[in-house]
Structure formats: structure tokens, C-alpha cells
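Q: Predicted structure and sequence below. I'll ask about it afterward.
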There are 2 protein chains.
Amino acid sequence: MTDVTAGSGRHTPPAQPESLTPLLRDRESVMVYDRSHVLGPDALRAILEAARWSPSAGNSQPWGFIVGLRGDDTHAAMVDVLSSANQVWAPSASAIILTLHQVATDEDHELAYSDYAMFDLGQAVAHITVQARSMGLQVRQFGGFDHLAATERFAVPPHWAVTTGIALGLPAGPDDDAEMPEWVRTRARLPRSRLPLEAFVHSGKFGHPADFLTD
Amino acid sequence: MTDVTAGSGRHTPPAQPESLTPLLRDRESVMVYDRSHVLGPDALRAILEAARWSPSAGNSQPWGFIVGLRGDDTHAAMVDVLSSANQVWAPSASAIILTLHQVATDEDHELAYSDYAMFDLGQAVAHITVQARSMGLQVRQFGGFDHLAATERFAVPPHWAVTTGIALGLPAGPDDDAEMPEWVRTRARLPRSRLPLEAFVHSGKFGHPADFLTD
């Protein structure tokens, strides 16, 4: 049942089990943000320190982030390259961050390429999500933007690949809903679903559900 | 300066800034675990639920986990395929988990392949790390094992790729150090380092440090 009193920033009802730690349990891919919220330098630093201290293969740290803050030139350039659907909701967030991972050794051979670069970028983004959550913020990740245009616009060198987008901000209250088209409000409230543990947790052999799930 | 009173489960001194939320600030890639600690079914479920509720591209959930618990057959088979260096320390953890991501559409076309599968697996593993931390546990990830042997041993189908290993357990106290060779104790206490934010946070153009870092 949908809680119609919640802003469309929130999915309802919460689906995650109580056993999860609150920073994970209360994570949601929020689509509607408070347009009056401003992300200050200290908050931004804390969020990016979370990525910085993420683990990586051989400490390769194969990640990069281009940060646009609502109102600045970087943000405006990012909005330009978003898919038309993402242009509707993502600018309501306080920041849009484009993520990059290293795909080849650079010209000066200072940075070694790692096969785990995309995996490690994913970890760093998850750490950003958790840190943001600890500050009352939420994140929605997206892949819907013109990657080639972003690469050109931000002069990304060939040994780096623009990978995903992150919208980050304070979830909107019910009043902020009115500015969003109906399709966003509907989609933001869709119930969440996941495969059961038995589908992806194995023991003994792949496809054999772990014993502790069936005992 | 190294705190010699800490078990080699801990890196010292802590390098992460105070601005990080404790579940991230206190995360360490612990190498020495309490060999008497047993991970029960409820704890395992909570840890795997964290992965389950991780976000993924189009909710593709392209992750898999093979779970070995110290003392069971899956664990023994995993230890067999570890690199000789990882065989020294990893079995001290309560669990070893091999991670998988989907690399192709399966034969029945039930699962669509996602270009972000490795990224999303990284996120799911980070969520496991955070959940484990909330339960007083730590994690060390590794890539050093015979991926082909693991694929054969666990009958992993061709549309999935064995990706990384996770050792998960309760950090050892100082008494547990004695069982570990000197090189593990030394390595476990190496100071941690990271590139400065200015090296990987950009605005305007790639390579241009974000304005909020220089203001």
C-alpha cells in the first residue's frame, strides 16, 4: 500500500528488512529532491572522502568524479547531456556527479590499469551513498546520458571512461511534488523488488542454494 | 606511529577523517581474524540482505556469491584455490565468499546482460562491508586465487564470471597474532594512503580540481 502522505522523494513502503543497518535500510533511489537545498564545501568534502577511503585492487584508486553543483557551469553542462527523461528530475538534486574509471594505462605510465577498475568505482560510489545517507541525503544513480558528449564536454582523456551519473541531494517534501510531472511521481513510488537470497547465494556448487538458507 | 598494543587485525593509526560516518571511518582491510568466531545463519542472512538491496542498473541484480564457512566443504574447496599468500591469512576469517558477476545473457534469455554488472557487483560488496562493520565484523577483499580452478570447482556457468574473494570475520585480538608469520603482521600494520581529493575530483574539465576544493 502506498503512503500518499510521503513526498515522491520516498519509496513506500520500505521493503528492506529490519536486520539491515539504518544507513543501508533507509537508502532509496530518490527521484525528487528539495530544490532549495545547497550542498556546502564541507559536506561535499565529507562525501568525496568516503570515496577516497574506499578499498581498491592494489590501492589503484581507479576512480574519478566530475562534480556539478546546481547553479554552476559544470552542472549546466551536465544537464545538457542528460537523457530527456533524466533532465526532468535530476536537476532537482543539489549535485550531479559524473563518475569515471580508468580503462588503460596513461601516457606517462604513472597509473597502472586494473581489471577491477569498474568494480572499485562501484564500491566508491556505494561509499558515497552511505556517507550521504549519514548526512540525511539520498542518491539516485543513472546511466542515461550522452557518454560521448560528456567525454568531449569535459575533455576526458582516452585512458578514462565516463561511466555513470549520480544525483545527490535532500529528499523533497510533499510540496515539491507539484513541480514534477505525473510519470515521475508514479515512478518514484513504485514498489521495490529483489530476487530472493536463494537465487544468488550458493554453496557447494553454483546454483545450489547455500545450506544456511535452507537449514 | 604504530600502536603495538593492537592486534594485527588492525591498521594503525586510523587515517580516515573524522568527517566520515563511523561505519566507513572504522573500515579496515583486516588480515588477521579471530579463529574462534563463528558466523551464524542470522548474521549471514543480514550480510547478504545488504547485497540484495544494493542498487543496480535497471534492477538487473547481476551478482552472485558462493559462501564458504570455516569448517565446511565449500570453504575447504576455496582455500585450495587461493594463492599461497592468501592461504596464510584468509582462512582465519569466519567466512570466505567468492563473488560473481553476470557477463552474458544466459541460455534461457531470462537474464539480460548489463554493461554495469561489475560496477554493480562492486556496490553490492561495499554494502556487505558496511553491514558487516555494523555487526562488529571486518572484511578484506582479494583477487589472488585461481579463477579458472574456482570456476571448475564450483561449476560456474559461462555467463557468469568468478570475480573477487571476500574474507569476513571478527578482527583478531593481540593473542591471535602469534599464529601468523611476520610478513602478515607487518603487512597488516602498513600505514594506509590515498591520493588527495584534488587528484580525482574535477569540475569544468577533467584535470581541473573542483572549485570547492580550492576556494
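A: Yep, it's here.

Q: give me every residue that touches the closest residue to A:Asp34 other than its chain neighbours.
A: Ranked by Cβ to Cβ, 6 or more residues apart in numbering or on different chains and with sequence neighbours excluded, the top spatial neighbour of A:Asp34 is A:Leu170, at 4.2 Å. Every residue, glycine included, has its C-beta placed from N, CA and C. A:Leu170 makes contacts with A:Tyr33, A:Asp34, A:His37, A:Ser94, A:Gly136, A:Leu137, A:Gln138, as judged by Cβ atoms under 8 Å, 6 or more residues apart in numbering or on different chains.

Q: if we go to 6 Å?
A: Each residue near A:Leu170 by Cβ atoms under 6 Å, 6 or more residues apart in numbering or on different chains is listed here: A:Asp34, A:His37, A:Leu137.

Q: Which pLDDT value belongs to it?
A: What the model reports as pLDDT for A:Leu170 is 97.

Q: What distance do you get for it to chain B?
A: 17 Å (Cβ to the nearest Cβ, to the nearest Å).

Q: quick one, longest strand in chain A?
A: Longest strand in chain A, counting residues (DSSP state E): strand A:160-169.

Q: Can I get that one in CSV? Just the C-alpha atoms.
A: Output of strand A:160-169 as CSV, limited to C-alpha atoms (Å, rounded to 0.1, in the frame of the first residue of the first chain):
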residue,chain,number,x,y,z
TRP,A,160,39.5,7.3,-18.6
ALA,A,161,35.8,6.3,-19.3
VAL,A,162,32.8,8.4,-18.2
THR,A,163,30.7,5.7,-16.5
THR,A,164,27.6,6.7,-14.5
GLY,A,165,25.8,9.7,-13.1
ILE,A,166,24.8,10.4,-9.5
ALA,A,167,22.1,12.8,-8.4
LEU,A,168,22.6,13.7,-4.8
GLY,A,169,20.5,15.9,-2.5
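
Q: elements contacting that strand?
A: strand A:95-102, strand A:138-142, helix A:147-153 (3 or more Cβ pairs under 6 Å, 6 or more residues apart in numbering or on different chains; DSSP states H and E).

Q: partners of it, with directions?
A: When pairing is defined by DSSP bridges, strand A:160-169 lines up against strand A:95-102 (antiparallel), strand A:138-142 (antiparallel).

Q: Let me know the secondary structure of the residue in chain A positioned nearest to chain B.
A: Closest contact between chain A and chain B, by Cβ to the nearest Cβ, is at A:Gly122 (2.8 Å). Using DSSP: H, G, I helix; E, B strand; the rest coil, the structure places A:Gly122 in helix.

Q: My understanding was that it contacts B:Ala124; is that so?
A: No: between A:Gly122 and B:Ala124 no contact is recorded; they are 8.1 Å apart, counting by Cβ atoms under 6 Å.

Q: which of the two has more neighbours?
A: Set A:Gly122 next to B:Ala124 and count neighbours by other Cβ atoms under 10 Å in any protein chain shown: A:Gly122 wins out with 33 against 28.

Q: give the contact list for that one.
A: A:Gly122 touches B:Phe119, B:Gly122, B:Gln123, counting by Cβ under 6 Å, 6+ apart.

Q: mind giving me JSON lines with these and columns for distance to B:Thr74 and pLDDT?
A: As requested, those are arranged in JSON lines below (distance: Cβ to Cβ, whole Å; pLDDT from 0 to 100):
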{"residue": "B:Phe119", "distance to B:Thr74": "27", "pLDDT": "98"}
{"residue": "B:Gly122", "distance to B:Thr74": "23", "pLDDT": "98"}
{"residue": "B:Gln123", "distance to B:Thr74": "24", "pLDDT": "98"}
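
Q: out of those, who's nearest A:Ala178?
A: The shortest approach to A:Ala178 among those belongs to B:Gln123, at 32.6 Å (Cβ to Cβ).

Q: what about that closest one, distance to chain A?
A: 4 Å.

Q: Tell me how many other residues surround that residue.
A: Counted with other Cβ under 10 Å, B:Gln123 comes out at 25.

Q: for A:Tyr113, same thing?
A: Neighbours around A:Tyr113, by other Cβ under 10 Å: 13.

Q: any idea how far the lowest-mean-pLDDT helix or strand in chain A is from the chain center?
A: Least confident helix or strand, chain A: helix A:211-214 with a mean of 82, by mean pLDDT, DSSP states H and E. Relative to its chain's centre, helix A:211-214 lies at 32 Å (Cα atoms, centre = their mean, to the nearest Å).

Q: For it, list every residue counted as buried.
A: Neighbour-count burial for helix A:211-214 flags A:Phe212, A:Leu213 (criterion: 16 or more other Cβ atoms under 10 Å in any protein chain shown).

Q: Check stretch A:161-173 too.
A: A:Ala161, A:Val162, A:Thr163, A:Thr164, A:Gly165, A:Ile166, A:Ala167, A:Leu168, A:Gly169, A:Leu170, A:Pro171, A:Ala172.

Q: And the residue nearest to A:Asp34, how close does it get to A:Leu137?
A: A:Leu170 sits 6 Å away from A:Leu137, going by Cβ to Cβ, to the nearest Å.

Q: looking at it, A:Gln61 is touching B:Leu195, isn't it?
A: Yes: taking Cβ under 6 Å as the definition, A:Gln61 is a contact partner of B:Leu195 at 5.4 Å.

Q: who's more crowded, those two?
A: A:Gln61 (25 against 13).

Q: Wasn't the more buried one part of a strand?
A: No: A:Gln61 is assigned coil when assessed by three-state DSSP, not a strand.

Q: List phi and psi for it.
A: phi 50, psi 60 (degrees, to the nearest 10).

Q: Name all residues that make contact with it.
A: Counting by Cβ under 6 Å, 6+ apart, A:Gln61 has contacts B:Leu195.
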